[in-house]
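>>> any chance you can model this:
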Amino acid sequence: MQSTASPPTFDAELDARGLVCPEPLMLVRNRLRKMQSGEVLYVTATDPSTLRDFTSLCRFMGHRLLSHTSDAGVWRFWIQRA
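Just a heads-up that it's a prediction; the model follows:
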């Protein structure tokens, strides 16, 4: 996993800005459940713990964290469903 200059394309989007743990994690988990294998979810969040949470979620559930970036307090994640 690495941050990239050109972000991956995505199939679904989730805005979790302004929410704090565990809300972003639960929303991402629920959204990924509704997606097909191989589809990519793009997430924006402002809670700094989301990097740790989403990394752990991907490792535990077999999803792939394709990329992540942070700019001005906004985290962006691209997660591919297993």
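>>> tell me the mean pLDDT for stretch 25-43?
What stretch 25-43 shows for mean pLDDT is 98.
>>> packing partners of the host helix or strand of Leu65?
Here Leu65, judged by DSSP states H and E, is contained in strand 64-71. Counting by 3 or more C-beta pairs under 8 Å, 6 or more residues apart in numbering; DSSP states H and E, the packing neighbours recorded for strand 64-71 are helix 50-61, strand 74-80. Quick note: C-beta positions are derived from backbone N, CA and C, even for glycine.
>>> ok and the last one relative to helix 50-61, angle-wise?
Compare the direction of strand 74-80 with that of helix 50-61 by axes from the mean of the first three to the mean of the last three C-alpha atoms, to 10 degrees and you get 10 degrees.
>>> how much does strand 74-80 deviate in direction from strand 64-71?
Using the same axes, to 10 degrees: strand 74-80 against strand 64-71 is 170 degrees.
>>> got it, and the first one?
Using the same axes, to 10 degrees, the inter-axis angle of helix 50-61 relative to strand 64-71 is 180 degrees.
>>> picking that back up, using CSV, lay out the helices and strands packed on strand 64-71 together with mean neighbour count, distance to Leu19 and mean pLDDT.
Shown next, in CSV, are the helices and strands packed on strand 64-71 (neighbours: other C-beta atoms under 10 Å; distance: least, C-beta to C-beta, whole Å; pLDDT from 0 to 100):
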stretch, mean neighbour count, distance to Leu19, mean pLDDT
helix 50-61, 16, 9, 96
strand 74-80, 20, 12, 97
